[in-house]
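Student: need a 3D model of the following:
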Amino acid sequence: MAVKTIAQRLELLHKLQTIDSRLDQLRAVRGELPMEVADLEDELEGLNTRLNNFKEEIEHFNQQITENREQIRTSEELIRKYKGQLDNVKNNREFDALNKEIEIQELTIQAAEKKIGELETSIKMKQELIDEVQGRLSEREEDLKNKKKELEEITAETEKEEKNILKEREKAEDDIEDKLLKAYDRIRKNFRNGIAVAPVLRGACGGCYAKIPPQLQSDIRQSKKIVICENCGRINIDARMAGIEEQVEEEKPKTRRRAVRRKS
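Tutor: Here you go, the predicted model:
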């Protein structure tokens, strides 16, 4: 790449800025749709995670219910066994011991039945939450479907033009040295409107409207060096390089009025 003058470098940067601004305007047609689609996808992911968590909890509750019902069956069998043994006891000690075991198993059954009731209540509550989340999930899926369709339609309309602008941008990039291009891209990312190269208008930066010292204005007009706005960090160029003809109003010389004496 041949060494270019400061003026040539600035002209190339302005050309790239013009291309990027066209690209930004084209993409702005999509508005907030890409962000809305991304937000809906994130929300759907969160809702599905909640749904899966609820389902896993219900599965765990059902497992606990099964275990408690199994405990009830075991305790009932033991009670029948101990009651059968009561007919063959030989002394009061054996009789009391068996009754104690029966009592323990009955308490175990009561505890298991209570636990089953609590688990069934928890399942009912979780199921209500699942129904609520599934309702929201269905709504958001429909919203996402519509948003994606709308975005695809807009993208289809601008896709060809965007490809052409991107090719134009690639060609413009090839003419700019890497160091300067990286600086331009870095500056562009700092501003929401993507303006990294701003003309000087009425003695001020066209990006942030901060006044520029006269000496720097002179340097910018003569393209002596690449000047960065001290306030916002944008690259400043002469308005004429940006195709803007400024009208500078020159101060008109003041005329002295002679006092006219009236003759008495």
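
Student: so what secondary structure elements neighbour the helix ranked longest in the chain?
Tutor: Looking across the chain with DSSP state H, the single longest helix is helix 92-174. Applying 3 or more Cβ pairs under 8 Å, 6 or more residues apart in numbering; DSSP states H and E, we find helix 92-174 packed against helix 6-28, helix 33-86. Using the backbone N, CA and C atoms, a C-beta is placed for each residue, glycine as well.

Student: rerun at 10 Å
Tutor: Packing partners of helix 92-174 (3 or more Cβ pairs under 10 Å, 6 or more residues apart in numbering; DSSP states H and E): helix 6-28, helix 33-86, helix 178-189.

Student: mind putting those into a markdown table with mean pLDDT, mean neighbour count and distance to T108?
Tutor: Listed next are the helices and strands packed on helix 92-174 as a markdown table, based on pLDDT from 0 to 100; neighbours: other Cβ atoms under 10 Å; distance: least, Cβ to Cβ, whole Å:
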| stretch | mean pLDDT | mean neighbour count | distance to T108 |
| --- | --- | --- | --- |
| helix 6-28 | 93 | 17 | 69 |
| helix 33-86 | 95 | 14 | 5 |
| helix 178-189 | 95 | 14 | 68 |
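
Student: quick one: which of the ones you listed is nearest A172?
Tutor: helix 6-28 (4.7 Å; Cβ to Cβ).

Student: tilt between the closest one and helix 178-189?
Tutor: On the basis of axes from the mean of the first three to the mean of the last three Cα atoms, to 10 degrees, helix 6-28 is oriented at 40 degrees to helix 178-189.

Student: quick one: helix 6-28 to chain centroid distance?
Tutor: Distance of helix 6-28 from the chain centroid (Cα atoms, centre = their mean, to the nearest Å) equals 27 Å.

Student: now it and helix 92-174, what's the angle there?
Tutor: Angle, helix 6-28 to helix 92-174, by the same axes, to 10 degrees: 130 degrees.

Student: and helix 6-28, what does it pack against?
Tutor: helix 92-174, helix 178-189, strand 197-201, helix 214-222, strand 235-237.

Student: per-residue confidence at D87?
Tutor: If you check D87, the pLDDT there is 87.

Student: number of nearby residues for it?
Tutor: 6 (other Cβ atoms under 10 Å).

Student: could you list the domains of this structure?
Tutor: Here the domain parsing of the chain from automatic domain parsing is 6-22+177-237, 31-171.

Student: distance of L26 relative to E159?
Tutor: 10 Å (Cβ to Cβ, to the nearest Å).

Student: meant to ask about I6, not that
Tutor: From I6 over to E159 (counting by Cβ to Cβ), the distance is 37 Å.

Student: just to check, I235 is in contact with L12?
Tutor: No: in this structure, I235 is not within contact of L12 by Cβ atoms under 10 Å, at 11.4 Å.

Student: hey, what's in contact with both of those two?
Tutor: Counting by Cβ atoms under 10 Å, 6 or more residues apart in numbering, the shared contacts of I235 and L12 are L180, Y184.

Student: which intervals of the stretch 151-264 of the chain have sub-threshold pLDDT?
Tutor: Confidence mapping of the stretch 151-264 of the chain against pLDDT under 70 gives the ranges 246-264.

Student: all good on my end, thank you.
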